[in-house]
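> Return atomic coordinates for the entry below.
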Amino acid sequence: MLMSESGNSEIGVRHTSDGGTVTINITMGCGRCEKCDPCGGGSDHSHDHDHDHDQGRPIHHAGGSDGSLGEGVGSVSSIVGAASRPHDVWPGTRTELFVPFLFIRANAGDTAARPLNGVFWESPDIFVLPGISPDYAPAVPAKLGGVAESGKDNTLYAHVWNLGQAAAHEVLVEFYWFDPTLGFSGADAHLVGFVYTTLRARGERGSHRVVKCPTSWKAQYLNGGHECLVVRLSDRYADPLSDPAWDASQNRHIGQRNIHVMSAAEAAAQPTLGINVGPLFGRPAQLAVQRANAATMPWLHLVTMDRANGLGTGAATGDVGITSATATGSPLPNLGVVPNPRTAGLIGDSAAATGDGQQVGFVATDGDPGAGNAHVYRISGSQNGQVFGGYTVVVVG
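Modelled structure (predicted):
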């Protein structure tokens, strides 16, 4: 093995009858970003770095394809072409390669195409068995729509998938919780637990499965809402995590459940819900809130446990809005005692955030949506027209 001037390892492989040598460049590095690893390597993604070099939210850099796989990799010319291929170019599309393709769904029809600019934080693949420790919880819960019980043992589950042509034998599934927030970073992550599993190739039995977190989650009720859940899955060598390490809109390895479900009585008792904005990477963000039709939230079928029938949309009888952005942890106004928060200038449909460490307060004054109905509210954050995070509040009649 030789080292090239660029710092890559080089291996001389003799494969021709006249003793010729083909030089194959193998990049050794973390591959987290071009500034830290200009050669763009690869296999160890066990660490996180959410730093930003050039200002702006980190983006995912996907590899390209030169299509040579379709020409037959058995020919000498195709092997030589593979040796000189850039590190971010593959011999074919991912569906042609004998590699795993791990992901967790953002919605019921998700096939792992990224990035996503719609609602991606209501994953149907993350669910809770409330009030039961993992020691006594079944491998697969009978119901998938449970709501965590505050201060008690809760068991977390994730439905994980492999759409690749090869099996993944060392799939790491990590379970995290965050304070109610729109955007995420490793600095705010709280690891609940992790488990390893195997996922067979697509089309085979075992290509997707439900896995149970072996560690209990004692959920809390912070700032008026339940915490957010994040699940990440990766195979360190066959399909590593890649960057951005916490952005489910860009990274198929990550799933989010940023949903707070409560009754109308609970909503009346907790009128102001604080939501952190999250890291902004040096650029301003636009925050917005809006009512949503319950039919646009397929996750609600997990509440009814009925594929054909979800929840109807309750009639709007009040107002909904968010406060201006303030410093995280600073007191939020008790909007429940203000007759008309909008007229008082305390809330609006949107707000601006200009830096890290900020929060907004959410309030909705609609009445009970009625039996079989729900109020659905979505708070979202965006930068340059790209949605980077959201939090959904569901008030069930």
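
> ends of stretch 198-207, how far apart?
Taking CA to CA, to the nearest Å, the first and last residues of stretch 198-207 lie 8 Å apart.

> Would you map the helices across this protein?
For the chain, the helices defined by DSSP state H occupy 76-84, 264-269, 301-304.

> hey, least reliable of these by pLDDT?
When those are compared on average pLDDT, helix 76-84 comes out lowest at a mean of 55.

> ok, now which ones touch the spatially closest residue to Ala316 that is not a sequence neighbour?
With CB to CB, 6 or more residues apart in numbering as the criterion, Ala316 has its nearest non-adjacent residue at 5.7 Å, and that residue is Asp366. C-beta here means a position set from N, CA and C on the backbone, and glycine is covered the same way. Contacts for Asp366 (CB atoms under 8 Å, 6 or more residues apart in numbering) come out as 314-320, 375, 395.

> what separates Asp366 from Gly345, distance-wise?
Applying CB to CB, to the nearest Å, the value for Asp366 to Gly345 is 21 Å.

> Kindly report the same for Leu287.
Separation of Leu287 from Gly345 (CB to CB) stands at 17 Å.

> Likewise for Ala288?
Separation of Ala288 from Gly345 (CB to CB): 18 Å.

> Name the residue in those two with the higher neighbour count.
Ala288 (16 against 8; other CB atoms under 10 Å).

> Would you mind measuring from the nearest residue to the more buried one once chain neighbours are set aside to Gly186?
Excluding the flanking residues, the one nearest Ala288 by CB to CB, 6+ apart is Ser350, at 4.6 Å. Plainly put, Ser350 is 28 Å away from Gly186 if you go by CB to CB.

> list the contacts for the residue lying closest to Leu332 once chain neighbours are set aside?
Nearest residue to Leu332, sequence neighbours excluded (CB to CB, 6+ apart): Gly361, at 4.1 Å. Applying CB under 8 Å, 6+ apart to Gly361 gives the contacts 272-275, 322-323, 332-333, 335, 347.

> buried sites along stretch 240-255?
Neighbour-count burial for stretch 240-255 flags 240-255 (criterion: 16 or more other CB atoms under 10 Å).

> One more: stretch 261-277?
Buried positions in stretch 261-277, judged by neighbour count with 16+ other CB under 10 Å: 261-262, 264, 267, 270-277.

> On the pLDDT front, check the residue nearest to Leu332 for me.
pLDDT recorded at Gly361 is 94.

> Over to the one 4 residues further on?
You'll see Thr365 listed with a pLDDT of 89.

> number of nearby residues for it?
So Thr365, with other CB under 10 Å, has 21 neighbours.

> shouldn't it be in contact with Gly321?
No. Between Thr365 and Gly321 there is no contact under CB atoms under 8 Å: 9.1 Å.

> what do the two both touch?
Pro341.

> Excluding sequence neighbours, find me the nearest residue to Ile254.
Using CB to CB, 6+ apart, the closest residue to Ile254 is Ala248 (4.2 Å).

> roughly how far apart are that neighbour and Val230?
Counting by CB to CB, the gap from Ala248 to Val230 is 7 Å.

> Give me the common contacts of the two.
Listed as contacting both Ala248 and Val230 by CB under 8 Å, 6+ apart are 254-256.

> Looking at the residues you listed, spot the one nearest Phe281.
Nearest to Phe281 out of the shared contacts of Ala248 and Val230 is Ile254 (CB to CB; 17.2 Å).

> Surely the closest one and Cys228 touch.
No. Ile254 is beyond contact range of Cys228, at 12.0 Å (criterion: CB under 8 Å).

> Now for Pro339: which residues touch it?
If you count contacts by CB under 8 Å, 6+ apart, Pro339 has none.

> Could I get the pLDDT score of it?
What the model reports as pLDDT for Pro339 is 85.

> can you tell me how far it sits from Val171?
Distance of Pro339 to Val171, given as CB to CB: 54 Å.

> Check Gly63 too.
From Gly63 across to Val171, the span is 21 Å (CB to CB).
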